[in-house]
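Participant: Pasting the sequence and the predicted model now:
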Amino acid sequence: MNAPNGGASAAAVLSTAIIRKPSSALRLRDFPGVGPVAIFGIIFLYVPILITVVYAFNDGDSALIWKGFSFRWFGEVAQNANLLNSVRVSLQIATVATIVATIFSILFALSVDQLRARGSRIATAILTAPIVIPEIVLAVATLGFIRIIGLQPGMLALILAHASFCIPFALMPIRARLKSLGPSYFEAATDLGASTWQMFRRITLPLLVPGIISGAILAFVISLDDFIISNFLAGSGATPLPVFLFGLIRRGASPAVNVIALMLLLLAILVTTITFLLSQRRRKQHG
């Protein structure tokens, strides 16, 4: 008589376990201290940006002492020939470096998987090594290398250096996008008799567009933002914007620095917005 009762009891426990709703997933707010830390992190990250935006409209001569609202420093920036030249140099370097890095990354991503597994891993590790190598080491090594080959610091050296260290950043989104596609598209194209060029132009390249755009934007921003390597390789008449700003701050922080920071912030917001809208439009077209 005990056995049946035991079996019924076990069945009841099992039934209750099946019917019982699963416990709610852990949430970050359930952990003590996460909320205050998150709030502090947000304040620490974004309040300085807000202060920079506000002080770009400062009428005083100091970047951190408010003297009243004015557009004065926007005019000063627009009339500063050296500053405008550094902006032009940075945009030229970033544009050329991005184009070179993106094209190289596309070719590498398409060809590396044709190697053996071990060779593919080694090649990828070598190409992405600049991400983990300290930038000061890359700067010293690059300066020494251009001296050895007889090249002087300047525009060409900056473009070559920026294109080199931008390749890993352009490659990561492209490689990730290519990995996510799977072989089905290419197998179907092969079965339909598509040539290698037709497959690349009509299938591979259109499908890689989101990764290419992401990689190009990342490479452009990294190049535009670089200071250490640019400081080592800058030459007469080829002073990138970060190097120029550093020299400007050393002479005394003026609201012009805040104006330039605001313009770069607006540029980043514009690029991000355009990229988001294009990706949404493309998703709707293929949805």
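Facilitator: Noted; the coordinates are in hand. Computed from a predicted model, the values in this text were never measured in an experiment.
Participant: Residue 130 contacts residue 162, correct?
Facilitator: No: contact between residue 130 and residue 162 fails when scored by CB atoms under 8 Å: they sit 11.3 Å apart. (Glycine included, C-beta is placed from N, CA and C.)
Participant: These two: which has the busier surroundings?
Facilitator: residue 162 (29 against 17; other CB atoms under 10 Å).
Participant: Remind me which helix or strand that one belongs to.
Facilitator: Of the helices and strands defined by DSSP states H and E, residue 162 is found in helix 155-181.
Participant: who does that helix touch, helix- and strand-wise?
Facilitator: helix 81-112, helix 117-128, helix 135-148, helix 205-225, helix 228-233 (3 or more CB pairs under 8 Å, 6 or more residues apart in numbering; DSSP states H and E).
Participant: rank those by mean pLDDT and give me the bottom one.
Facilitator: Among those, helix 117-128 carries the lowest mean pLDDT, a mean of 80.
Participant: Show me what it is packed against.
Facilitator: So helix 117-128, by 3+ CB pairs under 8 Å, 6+ apart, packs with helix 81-112, helix 155-181.
Participant: deepest of those helices, which one?
Facilitator: helix 155-181 (a mean of 21; mean count of other CB atoms under 10 Å).
Participant: Quick check: next helix or strand after it?
Facilitator: By DSSP H and E, the next helix or strand past helix 155-181 is helix 184-191.
Participant: how big is the angle separating that following helix from helix 205-225?
Facilitator: Calculated by axes from the mean of the first three to the mean of the last three CA atoms, to 10 degrees, helix 184-191 forms an angle of 130 degrees with helix 205-225.
Participant: quick one: contacts of helix 184-191?
Facilitator: 198-199, 202-204, 207 (CB atoms under 8 Å, 6 or more residues apart in numbering).
Participant: go with 6 Å
Facilitator: Contact partners of helix 184-191, identified using CB atoms under 6 Å, 6 or more residues apart in numbering, comprise 199, 203.
Participant: Then stretch 135-144?
Facilitator: Residues contacting stretch 135-144 (CB under 6 Å, 6+ apart): 161, 228-229, 232.
Participant: how many neighbours does the residue lying closest to residue 87 once chain neighbours are set aside have?
Facilitator: Leaving aside its sequence neighbours, residue 87 sits nearest to residue 241 (CB to CB, 6 or more residues apart in numbering; 5.5 Å). Residue 241 is flanked by 24 other residues according to other CB under 10 Å.
Participant: if I look at residue 241, how far off is residue 222?
Facilitator: 14 Å (CB to CB, to the nearest Å).
Participant: neighbours around residue 139, how many?
Facilitator: Residue 139: 20 neighbours (other CB under 10 Å).
Participant: i'd like the first residue to be 583 from this point on
Facilitator: Yes, from this point I'll number from 583; that puts the last item at residue 721.
Participant: Check what pLDDT residue 610 gets.
Facilitator: 62.
Participant: what do you get for the one 5 residues further on?
Facilitator: Per-residue confidence for residue 615 comes out at a pLDDT of 73.
Participant: Tell me which residues touch the closest residue to residue 804 other than its chain neighbours, please.
Facilitator: Spatially, and ignoring its direct neighbours in sequence, residue 804 is nearest to residue 751 (5.1 Å; CB to CB, 6+ apart). By CB under 6 Å, 6+ apart, the contact list for residue 751 reads 800-801, 804.
Participant: Columns distance to residue 708 on top of those, output as CSV?
Facilitator: Below are the contacts of residue 751 laid out as CSV (distance: CB to CB, whole Å):
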residue, distance to residue 708
800, 20
801, 18
804, 19
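Participant: thinking again about what came up before, redo the helices and strands packed on helix 737-763 as TSV? Include distance to residue 762.
Facilitator: Listed next are these as TSV, based on distance: least, CB to CB, whole Å:
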stretch	distance to residue 762
helix 663-694	12
helix 699-710	16
helix 717-730	30
helix 787-807	9
helix 810-815	32
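Participant: which one of those helices lies closest to residue 840?
Facilitator: helix 663-694 (13.2 Å; CB to CB).
Participant: by how many degrees do that closest one and helix 737-763 diverge?
Facilitator: Using the same axes, to 10 degrees: helix 663-694 against helix 737-763 is 40 degrees.
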